[in-house]
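**Q** Just the structure for this:
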Amino acid sequence: MWWILTGLTAALIVLTDFFLTFDLSSVSRVKSSTLYVLLCFTLLNMVFAIILHSQLFNHRDLSVFAPWVRAVLLGAGYAILVNMKLATLKFNNQEFPIGLELVYQNLKRICYTYINREVIRADYNDALRKAQKGNLKDLASEVFFFISANRILSEEKRKDYKDWLLEVITDPFSTDLQKKILLCHFLNCEERISSSDANFF
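**A** Down below sits the predicted model:
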């Protein structure tokens, strides 16, 4: 029974790391088939954490803790273990990590790279669809209100956001559609893209 808690603890840490990297609203726009990659990666980590649980749960050094505490510790311990370099091999003046970290990071990179491509594509398509329906003045007003009413922004960040908004709407080299795409993307996930970059699409 307690092995379930170990697996869930490891899964929670994996998913927390994922959502610190990817915006939740962006992830919600990708196809469900894309999220199967994340599901497989999470389940794989749960399996490895459960294997660790089977080997160490009854270890005498952990027996002083309540069963649920041991289960949580092993789940968290697994997350620490896979991010730890056990040793480093030097070859041609280059260092190569040896241990579970190498396997974990490579699997994570494969998973994140695939999902990242799909998120970018979904973000652009959604911003384009909204930009084609809205007008520049209304979108600029909505972004300005979002910045001004945002209760968790520092004053420095608020000023940076307003400067960015002014840069976008006054850029003489961007088309109205390009400007609207940038504003819609910001409203979707609060990510700023420089208006100078918009001239490339």
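
**Q** and the longest helix along the chain, which residues are buried?
**A** If you go by DSSP state H, the chain has its longest helix at helix 100-133. With burial defined by 16 or more other Cβ atoms under 10 Å, the residues of helix 100-133 counted as buried are 100, 104, 108, 111-112, 115, 118-119, 122-123, 126-128, 130-131. For glycine as for every other residue, the C-beta is placed from the backbone atoms N, C-alpha and C.

**Q** Those residues: which two are farthest apart?
**A** Within the buried residues of helix 100-133, two members stand farthest from each other by Cβ to Cβ: Leu100 and Ala131, at 44.7 Å.

**Q** Ramachandran angles for the residue lying farthest from the centre of the chain?
**A** Most distant residue from the mean C-alpha position of the chain: Arg60, 37.7 Å away (Cα atoms, centre = their mean). Here is the backbone geometry of Arg60 (degrees, to the nearest 10): phi -60, psi -30.

**Q** That one and Arg70: what is the separation?
**A** 12 Å (Cβ to Cβ, to the nearest Å).

**Q** quick check: mean pLDDT across stretch 59-67?
**A** Averaging pLDDT along stretch 59-67 gives 87.

**Q** Any idea how far apart the tips of that stretch sit?
**A** For stretch 59-67, the first-to-last residue distance is 12 Å (Cα to Cα, to the nearest Å).

**Q** Now tell me what touches that stretch from outside.
**A** Contacts with stretch 59-67, where a contact means Cβ atoms under 8 Å, 6 or more residues apart in numbering, come from 2, 56, 70, 73-74.

**Q** can you pick the most crowded of the residues you listed?
**A** Among those, Leu74 has the most neighbours (other Cβ atoms under 10 Å), with 27 neighbours.

**Q** Can you tell me the element it falls in?
**A** helix 67-81 (DSSP states H and E).

**Q** In that helix, which residues are buried?
**A** Using 16+ other Cβ under 10 Å as the test for burial, helix 67-81 gives 70-79, 81.

**Q** returning to what we had before: let me know the average pLDDT across the longest helix of the chain.
**A** Per-region confidence: helix 100-133 scores 92 on mean pLDDT.

**Q** quick thing: my sequence starts at 59, can you match it?
**A** In the new count, where the first residue is 59, that last one comes out as helix 158-191.

**Q** Now do it: which elements does it pack against?
**A** helix 82-85, helix 90-114, helix 234-247 (3 or more Cβ pairs under 8 Å, 6 or more residues apart in numbering; DSSP states H and E).

**Q** Tabulate those in a markdown table, adding columns for distance to Leu197 and mean pLDDT.
**A** Conversion of the helices and strands packed on helix 158-191 to a markdown table gives the following (distance: least, Cβ to Cβ, whole Å; pLDDT from 0 to 100):
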| stretch | distance to Leu197 | mean pLDDT |
| --- | --- | --- |
| helix 82-85 | 17 | 86 |
| helix 90-114 | 28 | 92 |
| helix 234-247 | 4 | 94 |
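
**Q** Brilliant, that's me finished.
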